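Show me how the following folds:
(chains A and B)
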Amino acid sequence: MTKRTVRNLLLTLGVLALSEASGLLLMNVFDIPALITTVFVFAVFVISLLTDGYTYGIAAAFISIFTINYTFTNPYYGFDFTVPANILSAVIMLVISLSTSTLTTKLKQWQSLRAESEKERMRANLLRAVSHDLRTPLTTIYGASSAILDNYETLRDEQKIKLITGIKEDAQWLTRMVENLLSVTRIDSGMVKIRKTPTVLDELIDAVIVKFRKRYPDAPLEICIPDSLVVIPMDAMLMEQVLINMLENAVQHAEGFTKLSLQVKIAGDFAIFTIADNGCGIPKERLANIFTEYYDRQTHTDNTHGFSGIGLSVCATIVKAHGGAITAENALGGGAVFRFTLKTEDASDE
Amino acid sequence: MNNKYKILLVEDEAHISTFITALLEANGYRVICAESCAEASAMYTSHVPDLVILDLGLPDADGTVFLRSIRQQDLTPVIVLSARSDEREKVAALDLGANDYVTKPFGSDELLARIRSALRGYRHSAPEGHLPGGKFTVGEMTIDYDARRLHIGGSEIKLTQTEYNILALLSEHCGKVMTYAAIIKEIWHETPDDGSIKKLQVNMANIRKKLGERPGDNRYIVNELGVGYRMKSEE
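Predicted coordinates:
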């Protein structure tokens, strides 16, 4: 039996028992049988409203009919279905149960439909934003390579090198974009659950630094992690991407930064990751929805590789899928601070 | 020149095959191309390459079929080209005997480094993976297999038995990625589970500390996140 079924059963029985008890009480005080029926009609209504599907409501209606007939109508403690009033109240109760159940079921369907369409909207927005962002690097790659092919003899060597470097850089940008997309769709589709494996923090950070250094050999980077062996359950590939995206975001958007730090602290059952720079900080108007703006932006500007957008929203998706929390703020002394938490123990083995 | 290394490239995408061939030839290797498992097997037998670069998604059969058939005969280094999406695919290929993997898309320097490393490591390793004795040297590190001792820059580093065994195992397969499962099987003769992985992680953390390795600056042991470890074959 699932948790849900148990809940439904308990709710039904509980409400019915309560009605029976209050019915007996009312009988003793007022002695108006009509009041009893009202109490049970209300009970059937509540049960139909709070349980799933039709079954419990209808069952409650039948039980109520029999209970009223048995306990509260003449002959007391015996059945008599010949009285028209009894049959009528039975029919009314059934109708109430059916219509309430239909209404609540419809409401639930509508709610899930709305959540689904919200998801669909996010997906469509993502697709639109990505397609738009893909055009810039593709223009470079297509244009530069055909320029070289068509003008091979006339282009000077350094011009060719410049063009080819552009192709390489934009192809690398595309690669990162695709990696990010793969991660988001992997999580969003719900097809693949996050597979958490115990990962040594040192090894994670090591992999991140090696990759980061390869891309930005000259960027300053300070690392501060605990000396002791820290093991955190996570999908290491995805978490590596979170950290790289965040560091990369700083390099590309923290104008004028001279310091960039990655710090991990352990507090109780949580590991707190902090990525801080001393650059220009995050504009106030973007701070609130910096992790979702990529999905929501309506206007797409052509001027940049809007990498920060998808990078940070991917971070948020991955961290949330791990059951962690992520925040962005501006430091008092200037610069941006990104912080996220992960549980160091995997208590729930979902 | 006849002493050029011969590389068998198994890849069905024409454009990828073209650029890898150009890259390898420009760097002094001889390249033989195959586009399917069947063709690869025929080429392998007739040309006896020094190294194989193998794409896993081939038209006639999974690349692992060919990998398996190579490993039944000999230890020719195999570098697998894999798609990023799944590290399980990498682990599976490594456990089947692949020496290394390169994730698509990759840059030329990355591929060349892996090839050099695999070719060099191949010369180190003996058929059973156990050197009869002697010494192993990378950079400032020397492992004396007879005395079971480790020196870095002339001074001895004290290791526990298990730590030494892990280090020796990695060095015997230097240049090759050893998966967590492969190391656990060799060292503890256990099938990997959470407990044995934890043991390995603790031991590796200690080894790294004793070797003076720091995150982002590994001189001897490269950590392949989620896959395993590799001893460098050159500094």
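
CA atoms for contacts and neighbours, from now on please.
OK.

pLDDT score assigned to residue 10?
Going with chain A. In this model, A:L10 is scored at 87, pLDDT.

my question was about chain B
pLDDT at B:V10 comes out at 96.

Now it: phi and psi?
Note on B:V10: its backbone torsions stand at phi -110, psi 110 [degrees, to the nearest 10].

Count residues in the vicinity of it, would you?
B:V10 has 28 neighbours, counted by other C-alpha atoms under 10 Å in any protein chain shown.

again, but for the one 3 residues further on
Other residues within reach of B:E13, judged by other C-alpha under 10 Å, total 13.

and what of A:Y77?
The burial count assigned to A:Y77 is 13, neighbours taken as other C-alpha under 10 Å.

Quick one: the helices in chain A, in order.
A:3-29, A:33-50, A:55-67, A:84-150, A:157-188, A:201-215, A:236-253, A:284-287, A:293-296, A:307-321 (DSSP state H).

Return the residues of chain B in contact with chain A.
B:85, B:105, B:201-202, B:205, B:214-217, B:223-226 (C-alpha under 8 Å from any C-alpha of the partner chain).

Can I have the buried ones of these as a ChimeraX selection?
Listed next is the ChimeraX selection for buried residues among the residues of chain B next to chain A, using 16 or more other C-alpha atoms under 10 Å in any protein chain shown:
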select /B:201,202,205,215,216,223,224,225,226
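
sorry, back to before: now distance to chain B and mean neighbour count too, for the helices of chain A, in TSV please.
Formatted as TSV, the helices of chain A follow (distance: least, C-alpha to the nearest C-alpha, whole Å; neighbours: other C-alpha atoms under 10 Å in any protein chain shown):
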stretch	distance to chain B	mean neighbour count
helix A:3-29	30	15
helix A:33-50	43	21
helix A:55-67	45	21
helix A:84-150	14	15
helix A:157-188	7	16
helix A:201-215	4	20
helix A:236-253	6	20
helix A:284-287	31	11
helix A:293-296	23	18
helix A:307-321	15	21
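
weakest of the ones you listed in terms of mean pLDDT?
For those, mean pLDDT drops lowest on helix A:293-296, to a mean of 70.

With adjacent residues omitted, what lies nearest to the residue nearest the centre of chain B?
Centroid-nearest residue in chain B, with C-alpha atoms, centre = their mean: B:K176, separated by 1.9 Å. Leaving aside its chain neighbours, B:K176 sits nearest to B:N99 (4.7 Å; criterion: C-alpha to C-alpha, 6 or more residues apart in numbering or on different chains).

quick one: the residue lying farthest from the centre of chain B from B:A147, how far?
Within chain B, the residue lying farthest from the chain centre (C-alpha atoms, centre = their mean) is B:S155, at 28.5 Å. To B:A147, B:S155 is 15 Å away according to C-alpha to C-alpha, to the nearest Å.

sorry, back to before: OK, contacts around the residue farthest from the centre of chain B?
Residues counted as contacts of B:S155 (C-alpha atoms under 8 Å, 6 or more residues apart in numbering or on different chains): none.

Please report how far it lies from chain A.
Per C-alpha to the nearest C-alpha, to the nearest Å, B:S155 is found 24 Å from chain A.

same thing with B:L119?
Distance from B:L119 to chain A, by C-alpha to the nearest C-alpha: 23 Å.

can you tell me the helix or strand for that residue?
Following DSSP states H and E, one finds B:L119 within helix B:108-124.

cool, and B:T142?
Going by DSSP H and E, B:T142 is in strand B:141-144.

Name the next helix or strand following that strand along the chain.
Next along from strand B:141-144, by DSSP H and E: strand B:149-152.

can you tell which of the helices of chain A is closest to B:S233?
Closest approach to B:S233 among those is made by helix A:201-215 (17.8 Å; C-alpha to C-alpha).

Give me the contact list for the closest one.
Applying C-alpha under 8 Å, 6+ apart, the set of residues contacting helix A:201-215 is A:219, A:225, A:229-232, A:236, A:240, A:243-244, A:247-248, B:214-217, B:223-225.

swap in stretch A:235-253?
With C-alpha under 8 Å, 6+ apart as the test, stretch A:235-253 has contacts from A:180, A:183, A:194-197, A:199, A:204-205, A:207-208, A:211-212, A:219, A:257, A:260, A:275, A:277, A:307-308, A:311-312, A:314-315, A:318-319, A:338, B:225-226.

Output it in PDB with nothing but the alpha carbons.
This file holds the C-alpha atoms of stretch A:235-253, laid out as PDB (Å, rounded to 0.1, in the frame of the first residue of the first chain):
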ATOM      1  CA  ASP A 235      27.300  13.900  -9.600                       C
ATOM      2  CA  ALA A 236      30.900  14.900 -10.000                       C
ATOM      3  CA  MET A 237      30.700  15.800 -13.700                       C
ATOM      4  CA  LEU A 238      27.800  18.100 -13.100                       C
ATOM      5  CA  MET A 239      29.300  19.700 -10.000                       C
ATOM      6  CA  GLU A 240      32.600  20.300 -11.900                       C
ATOM      7  CA  GLN A 241      30.600  22.100 -14.400                       C
ATOM      8  CA  VAL A 242      28.900  24.300 -11.800                       C
ATOM      9  CA  LEU A 243      32.300  25.400 -10.400                       C
ATOM     10  CA  ILE A 244      33.800  26.000 -13.900                       C
ATOM     11  CA  ASN A 245      30.700  28.000 -15.000                       C
ATOM     12  CA  MET A 246      31.000  30.200 -11.900                       C
ATOM     13  CA  LEU A 247      34.700  30.800 -12.300                       C
ATOM     14  CA  GLU A 248      34.200  31.500 -16.000                       C
ATOM     15  CA  ASN A 249      31.400  33.900 -15.200                       C
ATOM     16  CA  ALA A 250      33.700  35.900 -13.000                       C
ATOM     17  CA  VAL A 251      36.400  36.000 -15.700                       C
ATOM     18  CA  GLN A 252      34.000  37.200 -18.300                       C
ATOM     19  CA  HIS A 253      31.800  39.500 -16.400                       C
END
